[in-house]
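1. Need coordinates for the following:
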Amino acid sequence: MEFPTFSMQHTQPAALLPTHSYKHRSLASQRRRAKYSVLRPVSCTAEAVKAEVAGRAAPTWKSSFREKYSLGRHVGSGSYGVVHVCIDEVTKQKAAVKILPKVRSKQQPQKTLKKLEREVALMARVSRQSRGITPLIDVYEDKNYVYIVMGLNEGGDLEQLLEKYGSFSERATATVMYECLKIISVCHANGVLLGDIKPANFMLRHRYRDPLKALESEHLGEGFLSAIDFGCSQAVGPAPLARRTGTPVYMSPETFRREYHLEADLWSLGMMMYQLIAGRFPFWPSVEQCRTRSLEEVMKAVIMEDIPVDYGPWLSVSPEGLSLLQGLLTRDPTQRLTAVEALEHPWFQRQIDSGGSAGDGQSAAGGGRNNIVPLMPAAPRGGSSEAGALRSMAA
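-> Here you go, the predicted structure:
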């Protein structure tokens, strides 16, 4: 597998990541992609997935949650529901329960139920295959709510860590990214798009006195990080997906264009990597400014704006780290790294296997971060066809 490399003959720091193809794929890579696309499942409706999973011992929807579990403390809230700790009345084991209403203000009850069925089916489909996916234990329903009982993660989510401790070191970021890529690769191998990859949807399984220092440790063990939310997940067939799901600032350019496949998850992960290292998004100097932007403004930035890497923490990120970021934040999805390809990236061997000792901006060849050859702007500017496309997508 070939990854982008950087000449050590120049002294100007790279300012922008390119947004189009940065490499020609090797023949082996093209063959892997061709095989991968053939393996994508044809059935991609909620009913088809639910029927398939039911044949593999997926949890049966029950109607006696409060007979089986007692409700504990509130853990968190999302767009549509709340999460509590719950306790099995017989075994006294703790779990987490996501409580979701069957009726939502802007959605028909039948459509809401179908979405919840899809979430449960897809989670059941992959949770038994990876320790990095929160296990699905039980599903209950009553007249008004659906109760999804899952494994309990007690270490907080990555967004909470960002808010409390600030941006991550390069090595801590590599540890998180590697675990996320393993989770994504399992989902993609099963034809499941996660659909809403962001720091808030990954939690540490256990509590740590100093979580960021723990992420730099070699002894966290398998499954220390868990994917916790399949609310935006979709089963992917041969045809491209068109329904926009997820959080806009993490959405890929092709998601905004309503024509996307599994590769959209890798763009979202690249945006998450940028946020972990920089503590912000590439298009605005603060998270607060991002939150005030309209959907159209976010869409325009994701599709057209440059991705700067010439300030603050990026000046000490290794060439391999920038190479991975570049491979994920490539606007052409056919040239973007897959999860399997990204797992093979030398950045992980450098940062994790070697303990990051060659990090702190020094390349394997011994040169500094400032020796990276300047990169090209991310996207062409201002064409009338592009502006027209933006207006039509915002409609």
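2. quick one: secondary structure of the closest residue to Ala96 other than its chain neighbours?
-> Of all residues not flanking Ala96 in the chain, Leu152 sits nearest, at 4.6 Å (C-beta to C-beta, 6 or more residues apart in numbering). Where C-beta positions appear, they are placed from N, C-alpha and C, glycine not excepted. Assigned by DSSP: H, G, I helix; E, B strand; the rest coil, the conformation of Leu152 is coil.
3. which intervals of this structure have sub-threshold pLDDT?
-> 1-59, 218, 354-395 (pLDDT under 70).
4. quick check: domain ranges of it?
-> Domain segmentation of the chain under automatic domain parsing yields 16-39+155-394, 46-150.
5. how about the residue nearest to Ala96, what does it touch?
-> By C-beta atoms under 8 Å, 6 or more residues apart in numbering, the contact list for Leu152 reads 85, 94-96.
6. Quick check: which element contains the closest residue to Glu154 other than its chain neighbours?
-> Leaving aside its chain neighbours, Glu154 sits nearest to Arg207 (5.3 Å; criterion: C-beta to C-beta, 6+ apart). Assigned by DSSP states H and E, Arg207 belongs to no helix or strand.
7. roughly how far apart are Arg207 and Gln160?
-> According to C-beta to C-beta, to the nearest Å, Arg207 stands 12 Å off from Gln160.
8. quick one, which of these two is more surrounded?
-> Neighbour count, other C-beta atoms under 10 Å: between Arg207 and Gln160, Gln160 has more, with 16 against 11.
9. residues touching the closest residue to the more buried one other than its chain neighbours, list them.
-> Of all residues not flanking Gln160 in the chain, Ala200 sits nearest, at 7.9 Å (C-beta to C-beta, 6+ apart). By C-beta under 8 Å, 6+ apart, the residues touching Ala200 are 157-160.
10. can we see that at 10 Å?
-> 76, 78, 157-160, 162, 228-229, 247, 272 (C-beta atoms under 10 Å, 6 or more residues apart in numbering).
11. sec struct for the residue nearest the centre of the chain, please.
-> The centroid of the chain falls nearest to Ile197 when counting by C-alpha atoms, centre = their mean (2.6 Å). What three-state DSSP gives for Ile197 is coil.
12. what are the ranges of the helices in the stretch 1-150 of the chain?
-> For the stretch 1-150 of the chain, the helices defined by DSSP state H, counting those that start in this stretch occupy 27-38, 46-54, 65-68, 109-127.
13. Single out the most deeply packed of the domains of the chain.
-> The highest mean neighbour count among the domains of the chain, using mean count of other C-beta atoms under 10 Å, belongs to domain 16-39+155-394: a mean of 18.
14. Could you give the separation of it from the chain centroid?
-> 7 Å (C-alpha atoms, centre = their mean, to the nearest Å).
15. go on, stretch 63-82?
-> The chain centre lies 25 Å from the centre of stretch 63-82; the measure is C-alpha atoms, centre = their mean.
16. C-alpha coordinates for it, PDB please?
-> In PDB, the C-alpha atoms belonging to stretch 63-82 read as follows (Å, rounded to 0.1, in the frame of the first residue of the first chain):
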ATOM      1  CA  SER A  63     -42.500  -5.400  26.900                       C
ATOM      2  CA  SER A  64     -41.500  -5.600  30.600                       C
ATOM      3  CA  PHE A  65     -38.500  -3.300  31.100                       C
ATOM      4  CA  ARG A  66     -39.400  -2.100  34.600                       C
ATOM      5  CA  GLU A  67     -40.000  -5.700  35.700                       C
ATOM      6  CA  LYS A  68     -36.400  -6.600  34.600                       C
ATOM      7  CA  TYR A  69     -34.500  -3.400  35.400                       C
ATOM      8  CA  SER A  70     -34.600  -0.600  37.900                       C
ATOM      9  CA  LEU A  71     -33.700   2.900  36.500                       C
ATOM     10  CA  GLY A  72     -30.600   4.600  37.900                       C
ATOM     11  CA  ARG A  73     -28.800   7.900  37.400                       C
ATOM     12  CA  HIS A  74     -29.100  10.000  34.300                       C
ATOM     13  CA  VAL A  75     -26.000   9.600  32.100                       C
ATOM     14  CA  GLY A  76     -26.700  11.900  29.100                       C
ATOM     15  CA  SER A  77     -29.100  13.200  26.600                       C
ATOM     16  CA  GLY A  78     -29.200  13.300  22.800                       C
ATOM     17  CA  SER A  79     -31.300  14.800  20.100                       C
ATOM     18  CA  TYR A  80     -34.200  12.400  20.700                       C
ATOM     19  CA  GLY A  81     -33.700  10.500  23.900                       C
ATOM     20  CA  VAL A  82     -32.000  10.100  27.200                       C
END
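17. Could you tell me which residues make contact with the nearest residue to Ile197 once chain neighbours are set aside?
-> Distances taken as C-beta to C-beta, 6+ apart put Ser268 closest to Ile197, at 3.8 Å, once the chain neighbours are dropped. Neighbouring residues of Ser268 by C-beta under 10 Å, 6+ apart: 180, 184, 193-198, 201, 246-247, 249-252, 255, 328.
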